[in-house]
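Chemist: fold the following.
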Amino acid sequence: MAVKTLQVTPLGVPSNSAVDFGAQIENVNLESLSDAEFEIIRNTLYNSHVVVLKNQASCTPKAQYELTKRFDPKSESYGHGKTLDAKRSVLHPDLKTIPCQPQVQVIGNGHYDEYEGLKNITLKHPHHKVFHKDVTSLMAVKVPAGRRQTLRYDDGTGEEMDVPLGTTAFISGQNAYNLLSEEDKEFVRTAKVEYAPHPYVWMSPAKSRSDGLGMLSEGLELPLSELPPVNEKDIKILPMCWKNPVTGNLALQIHPSAIKAIHLPNGEVMTDLKEVRELVHRLQRPAISPQYVYAHDWEEGDLVLFNNQGTNHSVVGAFSPEEQRLFRQCNLASSEGVMGPDGKLY
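Modeler: Alright, predicted model coming up:
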């Protein structure tokens, strides 16, 4: 039987779209992936940021984990970490760990009697009325078909998008950087962001902005005294811009919900949380306008890889209780940190 070669093509986007990233690869066999084939996938990922591997319905959790780990063989820890207070984390309702492959979590919507060793589980899709590393892989096992939804930004701009039900929306951090003024580009190349300790616990009482880009500042975040123990050396202070290890291009990469302070180029530190969030929102908001968003139309068997050092993504949509959606997610914490605009690792 002839061996099929990998076929790489750009993702199809509407004619009025300004999305310039994303690729699709056909004929991938993750059970016998050669080094040469992996290099094609790796180079495509770092050049295109989002890669859709089609027809992967037979992919096992083990194969998904091994593919993800291949991008960073030294990585041993989960991308979201093993928080000491997982039940208070905003991620807690959305993730169920697969017993035989604990690096892979199940997410989705609906009740399942059994899946990959998990028994009698009920998955809950995040909803805007409740809460608005290196590489992540997301595998579509079961996808509800049919209806579409209107995604409204509700931030006074009137912007909205027609999207597939339960889409994952991606934007390019590289495009976010390129859209900035020259003055802002200089600022983001030299400023750094400080993230809150145990951020998903810290932010758990707070609510998201309507456009999903960061949190509202209502003083609801938990004080340090109510967080799990904090080791000062574990608090992350990272560049605003990250350099692509393959292309050298810069991407504006800020987690707007987890940010706590900004370290300015002159050495001063912005600690007023409302001001910090407003500044970050101003920098990132242009890049999430509809023309720059890739909303993936999931098909069962899609395995999507996305470069967390060059993209931002958001879950989108609201399901009826009877609609079932089952995905597998695998992300690993980078073993080497991230590359700043100066070429140093942080």
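
Chemist: pull the CA atoms of the longest strand along the chain into PDB?
Modeler: The single longest strand within the chain, with elements called by DSSP state E, is strand 104-115. What follows is the C-alpha trace of strand 104-115 in PDB, where atoms were taken according to Å, rounded to 0.1, in the frame of the first residue of the first chain:
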ATOM      1  CA  VAL A 104      -5.200  15.000  28.800                       C
ATOM      2  CA  GLN A 105      -8.400  16.500  30.000                       C
ATOM      3  CA  VAL A 106     -12.000  16.100  28.700                       C
ATOM      4  CA  ILE A 107     -14.000  19.200  28.200                       C
ATOM      5  CA  GLY A 108     -17.400  19.800  26.600                       C
ATOM      6  CA  ASN A 109     -21.100  19.800  27.400                       C
ATOM      7  CA  GLY A 110     -23.600  17.100  28.400                       C
ATOM      8  CA  HIS A 111     -23.800  13.900  30.300                       C
ATOM      9  CA  TYR A 112     -21.700  10.800  29.400                       C
ATOM     10  CA  ASP A 113     -22.100   7.400  31.100                       C
ATOM     11  CA  GLU A 114     -18.500   6.500  30.300                       C
ATOM     12  CA  TYR A 115     -15.500   7.900  28.300                       C
END
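
Chemist: I'd like to check what contacts that strand. Which residues are they?
Modeler: By Cβ atoms under 8 Å, 6 or more residues apart in numbering, the residues outside strand 104-115 that reach it are 61, 64-65, 94-98, 116, 118-125, 141-142, 166, 319, 321-330. Where C-beta positions appear, they are placed from N, C-alpha and C, glycine not excepted.

Chemist: name every strand pairing with it and say which way it goes.
Modeler: Strand 104-115 pairs in its sheet with strand 96-97 (antiparallel), strand 118-123 (antiparallel), strand 325-331 (antiparallel), by DSSP bridges.

Chemist: a markdown table please, covering those and showing mean neighbour count and mean pLDDT.
Modeler: Formatted as a markdown table, the strands paired with strand 104-115 follow (neighbours: other Cβ atoms under 10 Å; pLDDT from 0 to 100):
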| stretch | mean neighbour count | mean pLDDT |
| --- | --- | --- |
| strand 96-97 | 16 | 86 |
| strand 118-123 | 14 | 86 |
| strand 325-331 | 22 | 91 |
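
Chemist: for stretch 205-219, which positions count as buried?
Modeler: Neighbour counts over stretch 205-219 (16 or more other Cβ atoms under 10 Å) mark 206, 208-209, 211-215, 217 as buried.

Chemist: other residues contacting that stretch?
Modeler: Contacts of stretch 205-219 from elsewhere in the structure, counted by Cβ under 8 Å, 6+ apart, are 128, 131-132, 153-155, 203, 220-222, 256-257, 259, 273-274, 277, 280-281, 284-285, 288, 314.

Chemist: kindly check the end-to-end length of that stretch for me.
Modeler: Terminal residues of stretch 205-219 lie 9 Å apart, using Cα to Cα, to the nearest Å.

Chemist: and if you look at stretch 110-123?
Modeler: Counting by Cα to Cα, the length from the leading to the trailing residue of stretch 110-123 is 5 Å.

Chemist: return the distance of it from the chain's centre.
Modeler: Mean-position distance between stretch 110-123 and its chain equals 24 Å (Cα atoms, centre = their mean, to the nearest Å).

Chemist: for burial, what's the neighbour tally of Gly108?
Modeler: Number of residues near Gly108 (other Cβ atoms under 10 Å) recorded here: 27.

Chemist: quick check: it vs Gly317, distance?
Modeler: Gly108 sits 12 Å away from Gly317, taking Cβ to Cβ, to the nearest Å as the criterion.

Chemist: hey, what's in contact with both of those two?
Modeler: Shared between the contact lists of Gly108 and Gly317 (criterion: Cβ under 8 Å, 6+ apart) are residues His125.

Chemist: gap between stretch 305-325 and the chain center?
Modeler: 9 Å.

Chemist: buried residues in that stretch?
Modeler: Of the residues in stretch 305-325, those buried under the neighbour-count criterion (16+ other Cβ under 10 Å) are 305-317, 319, 323-325.
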